[in-house]
Structures are given as structure tokens and as C-alpha cells.
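Chemist: give me a 3D structure for the following:
(one chain, ligands or ions: 1)
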Amino acid sequence: MSDAVLIIEDEYKLRGLVRSYLEREGLVVYSTGSGAEAIEIGRRGGLGLVVLDLGLPDVPGEEVARELRKTSDVPVLLLTAKGEERDRIAGFELGADDYVTKPFSPRELVLRAKALLRRGRVQVEPAGRVSFGGGELLIEEDLQRVWVRGELVELTPTERGVLTALARVPGRVYSRYELINLVRGYEFDGYERTMNSHIKNLRRKVEVSPGNPRVIETVLGAGYRLGLSRDH
Ligand code: CA
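Modeler: Presented below is the predicted three-dimensional model:
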């Protein structure tokens with residue numbers, strides 16, 4: 001995984017400021033004020049993180065995020081204007097990973113950026129055997145088996161698909177819409193609403209206390225995330 005960061009921000013001064021703080025951390029930084037150019041850069045790949053302002057003059061930030069998601073799992077950190085909670089939630093729906101609200105402290109931005117870069121490096125290999133939460137959860141994707149606290153659990157193909165999707169990037173929030181897209185290969189029946197019942201069934205099988213879930217966490221207004229970190 002790359003340490004290259006792409007900053008998309010049309011305010012010249014702010015763009016320069018963000019760039020200088022990230023460069024001070026030893027990161028390779030590309031920057032642009034154009035959403036269209038950002039999509040082009042994103043298509044070339046090789047990015048470890050994208051810092052995205054939602055309010056861009058040419059292409060809306062939402063569309064930039066959507067385009068980036070078509071070709072890549074790169075973590076996205078949103079820059080949002082103060083109090084625009086709707087923008088923030090829309091951002092999560094589009095697959096953004098975190099956000100900072102303007103005006104933000106450079107230190108906060110750097111900490112969040114570095115956390116996302118670390119997270120981006122721990123993706124599940126397609127055919128791998130991956131363990132989470134100190135062995136609490138073990139996914140053997142090629143064998144289509146899931147172990148929870150040492151016990152093999154019987155999951156439906158959809159449940160296994162949802163869990164495997166959440167485990168792609170632990171801690172990242174996946175919206176229902178995104179989960180549906182990720183598990184569509186498992187003959188998913190298509191309605192966003194039914195994701196709630198799949199999650200409910202899945203929790204009954206994997207949580208110690210389904211009413212107080214720790215493995216599959218709900219992020220209100222945004223979606224779900226895996227609450228366990230990946231073991232190394
Ligand atoms: Ca702007």
C-alpha cells in the first residue's frame with residue numbers, strides 16, 4: 001500500500017496548508033482543486049489516501065467520491081464545512097472513511113490521515129485466512145468458513161458475504177447500499193431494508209450479546225462496521 005496522498009481542495013491557501021502538514025510527515029502529496037482532475041488521478045491508482053473537500057466548483061465532491069469508489073478501496077477523508085451534518089452523512093453513504101470539519105486543527109487532520117493510511121494497509125487478501133480481535137473472529141474466505149471464538153458458525157451465503165465485506169477494511173463504515181453492492185454476487189434479494197434482518201441474524205450468530213453488539217457495530221445514519229481490528 002502506498003503512502004501517496006491526494007488532496008482535492010479548491011481553496012488555494014487551505015490546499016497548501018494541508019499539503020505542507022502532510023509532507024512534514026514524510027508523505028508523498030499530490031494536490032488539485034479540480035474534481036475532474038482528481039478522478040483522473042484516482043484512476044491511475046497507487047494512492048494510499050484521498051483528502052476530499054465536498055464543495056468543489058467543477059464536479060461535486062460527492063461525485064468525485066463515487067467515481068473513486070468505482071475503481072478503488074482507497075481510504076477517503078472528507079473536509080466538510082462547519083455544521084453540515086447532512087454532507088457528512090452523505091459522505092459516509094458514498095464510502096468515505098472519516099471527516100474533519102472546517103476549521104480544523106492541522107494536528108487533528110494529520111492524526112486522522114495517518115490512522116487511515118495504517119488502516120488501508122490491512123486489507124483482506126481475496127483467498128486468505130484472516131483473524132480479527134485476537135482470534136475472536138477467523139475468516140477462511142477460500143473455504144467459505146467462519147469461526148467465532150473457536151467455534152465454526154453456520155452462516156448463509158448472504159451473511160457470510162456481509163461479514164466478509166465488513167472485514168475488508170476493519171473499522172471502515174459501510175452503508176447498506178454499499179454492502180448490497182458488495183454481496184450481490186451471492187444472489188442477494190436486493191432491498192436495502194432486508195439488510196437489517198441479515199445483520200440481525202448475523203449478530204445472533206457472532207455476538208456474545210446480540211443486543212449489545214461489538215463485532216458488527218452500527219454507526220447511526222451511516223451504516224455498519226467491523227468492531228474488531230485485524231491481527232498480525
Ligand atoms: Ca471548497
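
Chemist: could you use CA atoms for every contact and neighbour count after this?
Modeler: Will do.

Chemist: per-residue pLDDT, residue 127?
Modeler: With respect to pLDDT, residue 127 scores 49.

Chemist: is residue 7 within a helix or a strand, and which one?
Modeler: In the assignment (DSSP states H and E), residue 7 maps to strand 4-8.

Chemist: and the next helix or strand past that strand?
Modeler: Strand 4-8 is succeeded, C-terminally, by helix 12-24 (DSSP H and E).

Chemist: buried residues of the longest helix along the chain, list them for me.
Modeler: Counting residues, the longest helix found in the chain (DSSP state H) is helix 106-120. By neighbour count on 16 or more other C-alpha atoms under 10 Å, the buried set for helix 106-120 is 109-110, 112-114, 116-117, 119-120.

Chemist: circling back: next one: the strand holding residue 7, is it in contact with the ion?
Modeler: No. Between strand 4-8 and the ion, judged by C-alpha under 5 Å from the ion, nothing touches; the nearest distance is 9.0 Å.

Chemist: in this protein, which residue is closest to the centre?
Modeler: Nearest to the mean C-alpha position of the chain, by C-alpha atoms, centre = their mean, lies residue 172 at 3.7 Å.

Chemist: could you measure from that residue over to residue 103?
Modeler: 24 Å (C-alpha to C-alpha, to the nearest Å).

Chemist: which secondary element of the protein has the worst mean pLDDT?
Modeler: helix 85-93 (a mean of 67; mean pLDDT, DSSP states H and E).

Chemist: buried residues in stretch 46-54?
Modeler: 47-54.

Chemist: what pLDDT, on average, does it get?
Modeler: Regarding stretch 46-54, the rounded mean pLDDT is 90.

Chemist: CA atoms only for it, dumped as CSV, please.
Modeler: The C-alpha trace of stretch 46-54 is given here as CSV (Å, rounded to 0.1, in the frame of the first residue of the first chain):
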residue,chain,number,x,y,z
GLY,A,46,-1.3,3.9,-6.4
LEU,A,47,-2.9,6.2,-3.7
GLY,A,48,-2.8,5.4,0.0
LEU,A,49,-5.3,8.2,1.0
VAL,A,50,-7.6,10.8,-0.5
VAL,A,51,-8.4,14.0,1.3
LEU,A,52,-11.6,15.4,-0.3
ASP,A,53,-13.4,18.7,0.0
LEU,A,54,-17.1,18.2,-0.6
